[in-house]
Each structure stands twice: as structure tokens, then as C-alpha cells.
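[1] with the input below, show me the fold.
(one chain, ligands or ions: 1)
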Amino acid sequence: MSKATAVANPNIAFVKYWGKSDETLNLPANPSLSMNLAALTTITTVEFRPGLRVDAVTIDGRPAVGESFDRVVAHLDRVRSLVGITARACVVSRNDFPAGTGLASSSSAFAALSLAAIRAAGLDLDEPALSRLARLGSGSACRSVPAGFTLWEGDSDGTSFARQVAGRGHWDLIDVIAIVAYQHKRVGSNNGHSLAPTSPLHEARLAAVPGWLKTVLRGIQDRNLDAVGSCMEADALAMHGVMMTSVPSLLYWTPETVSVLQAVRSWREEGMGVYLTLDAGPNVHCLCESADALETEKRLRNLAGVQDVLVSGAGDGVRPVAYHLF
Ligand code: PMV
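    The predicted structure follows:
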């Protein structure tokens with residue numbers, strides 16, 4: 001056994017995953033589709049040490065505690081049982097973007113942890129198997145395993161994984177992210193999923209997803225931003241509708257979120273090709289083609305309440321790197 005390090009990018013879903021058909025296996029209530037974000041990275045080093053009594057986990061310079069520690073240990077347990085080892089591990093992970101604010105840090109976190117841990121344990125998995133493993137850590141993490149634009153479908157443990165539908169170079173789409181809050185969200189997506197069926201809107205959203213998915217898939221093939229963007233925006237609003245009407249209600253938006261939403265709509269009325277989506281958080285992802293990225297960034301920076309703007313094109317899949325964090 002040796003030390004191994006992996007880098008992963010989080011992904012932004014154009015068709016969202018919200019609600020599970022199986023809570024333990026992280027099987028989704030609906031298929032979803034996303035783009036990896038090249039400019040945002042998680043890097044994770046794992047070393048299994050036979051002498052260690054408990055797993056030691058450091059995230060962004062601090063020892064992990066509570067639920068984040070438990071989720072990493074549960075994932076290491078999956079790897080240990082897969083490989084047939086008992087050694088505890090030392091894990092150090094670093095994000096170069098704010099975690100827990102709706103930037104899908106769990107997607108890159110569990111993609112990077114899966115690859116680093118499997119390699120540190122001396123095993124190699126093919127892409128579907130690695131995507132399945134990452135899914136068990138956090139559903140959306142399975143979509144950060146392949147590169148570029150990825151589709152997660154399948155309804156059983158063996159068939160539920162993500163595969164690439166277009167490479168990162170296929171389309172110069174840019175995600176211009178308006179950061180309106182840095183606080184850690186109170187209810188993380190991992191726990192929010194179980195509330196989805198309590199919303200009267202959940203079934204209605206699920207019924208609409210196949211149509212959106214079909215249009216988004218075709219839109220990616222044709223590089224048709226209006227087709228992708230209008231479905232992406234409709235699904236994000238539907239998902240937040242489900243969140244807001246679940247019991248208890250989840251409200252991730254702040255007044256600044258709504259200001260950005262209204263601004264993006266007015267820019268579109270002026271003729272700009274820009275559409276938005278949001279994950280389980282207040283920050284707003286604005287999708288446009290590269291020709292409009294600078295203007296979108298400039299306008300977002302000028303909006304009151306926008307604290308920062310991140311800009312990213314489509315990213316790679318999870319990959320090993322030859323240097324380590326410790
Ligand atoms: O992978 P999780 O459990 O963090 O769920 C992610 C859910 C959303 O980010 C809100 C939507 C998605 O498909 O990424």
C-alpha cells in the first residue's frame with residue numbers, strides 16, 4: 001500500500017438530481033446531467049497506515065469532525081471492504097473554492113477521495129466502477145468521474161453511474177458563478193434529498209424531467225444554448241420549488257439570489273445569451289458561451305450583494321497526480 005493523490009472538479013447539473021429512490025445506495029429519483037467545472041478543484045491525498053488506530057481526516061487545513069468526518073470514514077470503509085484491508089488512513093483534502101455554499105463541493109470531494117483511496121489501497125477501477133463508488137459517497141460525485149459533460153442514469157447499484165456524453169472541448173460553455181454568500185448551508189443536500197417526497201411538487205417535477213433531459217442532451221449535441229438553458233433554468237426553479245414546499249421547507253435563497261435572478265432575466269430580454277441554475281445554496285450559476293463570459297462577469301460584479309465571481313469552462317474527469325499533500 002502506498003500514498004496516492006487525486007484531483008477532481010465539481011460539476012454543475014443542467015438537469016438536477018433531487019430525491020433518492022434508495023437512500024443507502026444513493027440511487028437517484030431521476031437521471032441527471034452535468035458539466036465538470038475546470039476552474040474549481042479538490043485535491044485529496046490518502047495513505048493507509050497499518051499502525052494508525054483511527055482514520056485521520058483534514059479538510060481545508062482543519063481536522064474534519066461530525067458528519068463530514070463520518071462520511072469520509074464510511075467511504076474509506078467501502079474501499080477497505082472492496083480491497084479486503086483493515087488499515088486506517090490518513091486523508092488530507094483541499095478545495096480551492098468555498099465548500100458547502102451550493103458549489104457542489106461534495107461532488108469533487110467524493111470523486112477525488114474515491115480515486116485516491118482506491119489507488120492508495122493498490123487497486124485500479126475502470127471508470128464506471130469508480131463512478132459507482134463515488135456515487136455511494138455523494139450521489140452527484142459520480143458525475144465528476146468522467147470528463148466534460150456527463151449523464152448519470154441507471155436504477156440499480158450495478159447500473160447507476162455516470163458516463164460522458166460530450167468531451168470538455170465539445171462546447172465553449174462557461175459557468176459564471178455569482179457568489180452572494182459564503183456561509184455553510186444549514187441543511188446539506190445529502191440530508192435534503194429525503195425531504196423531496198414530502199413536497200406536492202416532487203412528482204410533477206419528476207414527470208417533467210424526461211422531456212428536459214431529452215432537450216438538454218440534444219441541445220448539447222447541437223451546441224444550442226437556448227435549448228439547454230431554458231430547460232436548465234426551468235428545472236433549477238422546479239427543484240427549488242420542491243425544496244421550498246417540502247416539510248420542513250428548505251429555502252436556500254437570499255435577497256441577493258433573487259436580485260441576480262432578476263438581473264439575468266433582464267439581460268436576456270436585452271438579447272444576451274445567459275441562463276441560470278442553482279444547486280442547494282444561494283449562489284447563482286450563470287451559463288453562457290465564451291463570447292459572452294466577460295460581459296456576464298462584469299455585469300455580475302456590478303450587482304449589489306455579489307461578493308465575488310468565479311468563471312469556469314468545462315473540466316476534466318477525476319485524475320491521479322504525482323505529488324502529495326503530505
Ligand atoms: O450529491 P448530493 O447529495 O450533494 O446532491 C446534489 C444535489 C444538487 O446539487 C442540488 C443537484 C445536483 O444534481 O447536483
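[2] tell me where the stretch 51-200 of the chain has helices.
    Taking DSSP state H, counting those that start in this stretch to define them, one finds helices in the stretch 51-200 of the chain at 66-83, 105-120, 127-137, 189-192.
[3] report all helices and strands that the first one contacts.
    Using 3 or more CB pairs under 8 Å, 6 or more residues apart in numbering; DSSP states H and E as the contact criterion, the neighbours of helix 66-83 among helices and strands are strand 56-59, strand 88-95, helix 105-120, helix 127-137. Placement of C-beta: from N, CA and C, glycine included.
[4] deepest of the ones you listed, which one?
    helix 105-120 (a mean of 29; mean count of other CB atoms under 10 Å).
[5] about what we covered before: tell me which of the helices of the stretch 51-200 of the chain lies nearest to the ligand.
    Checking these against the ligand by CB to the nearest ligand atom gives helix 189-192 as the closest, at 3.5 Å.
[6] list the buried residues of that closest one.
    Ser189, Asn190, Gly192 (16 or more other CB atoms under 10 Å).
[7] measure the nearest residue to the first one once chain neighbours are set aside to the ligand for me?
    What that stands for is Ser189. Nearest residue to Ser189 in three dimensions, chain neighbours excluded: Ala280, at 4.0 Å (CB to CB, 6 or more residues apart in numbering). Remark: distance between Ala280 and the ligand (CB to the nearest ligand atom, to the nearest Å) = 4 Å.
[8] ok, now Pro248?
    From Pro248 across to the ligand, the span is 17 Å (CB to the nearest ligand atom).
[9] number of residues surrounding that residue?
    Pro248: 8 surrounding residues under other CB atoms under 10 Å.
[10] contacting residues around it?
    Leu195 (CB atoms under 8 Å, 6 or more residues apart in numbering).
[11] can you list the residues of this protein near the ligand?
    Residues of the chain that fall close to the ligand, judged by CB under 6 Å from any ligand atom: 13, 16-18, 32, 104, 106-107, 138-140, 189-190, 193, 279-280.
[12] out of these, which end up buried?
    Here, 16+ other CB under 10 Å leaves 13, 16-18, 32, 104, 106-107, 138-140, 189-190, 193, 279-280 buried among the residues of the chain next to the ligand.
[13] just these now: which is nearest Phe149?
    Proximity of these to Phe149 (CB to CB) peaks at Ala13, which lies at 10.7 Å.
[14] wait, the closest one sits on Thr277?
    Yes. With contact defined as CB atoms under 8 Å, Ala13 counts as touching Thr277 (7.3 Å).
[15] in stretch 244-255, what counts as buried?
    Neighbour-count burial for stretch 244-255 flags Ser246, Leu250, Tyr252, Trp253, Thr254 (criterion: 16+ other CB under 10 Å).
[16] measure the first one to the ligand for me?
    It refers to Ser246. Applying CB to the nearest ligand atom, the value for Ser246 to the ligand is 13 Å.
[17] and what about that residue, helix, strand or coil?
    The local conformation at Ser246, judged by DSSP: H, G, I helix; E, B strand; the rest coil, is coil.
[18] the third one now?
    Put simply, Tyr252 is coil when judged by three-state DSSP.
[19] that one contacts Val258, correct?
    No. If you go by CB under 8 Å, Tyr252 and Val258 don't touch, sitting 11.5 Å apart.
[20] residue ranges with poor pLDDT in the stretch 1-150 of the chain?
    1, 99-102 (pLDDT under 70).
[21] need the residue in the protein that's farthest from the chain's center.
    Largest separation from the mean C-alpha position in the chain: Gly51, at 34.3 Å (CA atoms, centre = their mean).
[22] dump the residue contacts of that one.
    Shown here is Gly51, which makes no contacts under the criterion CB under 8 Å, 6+ apart.
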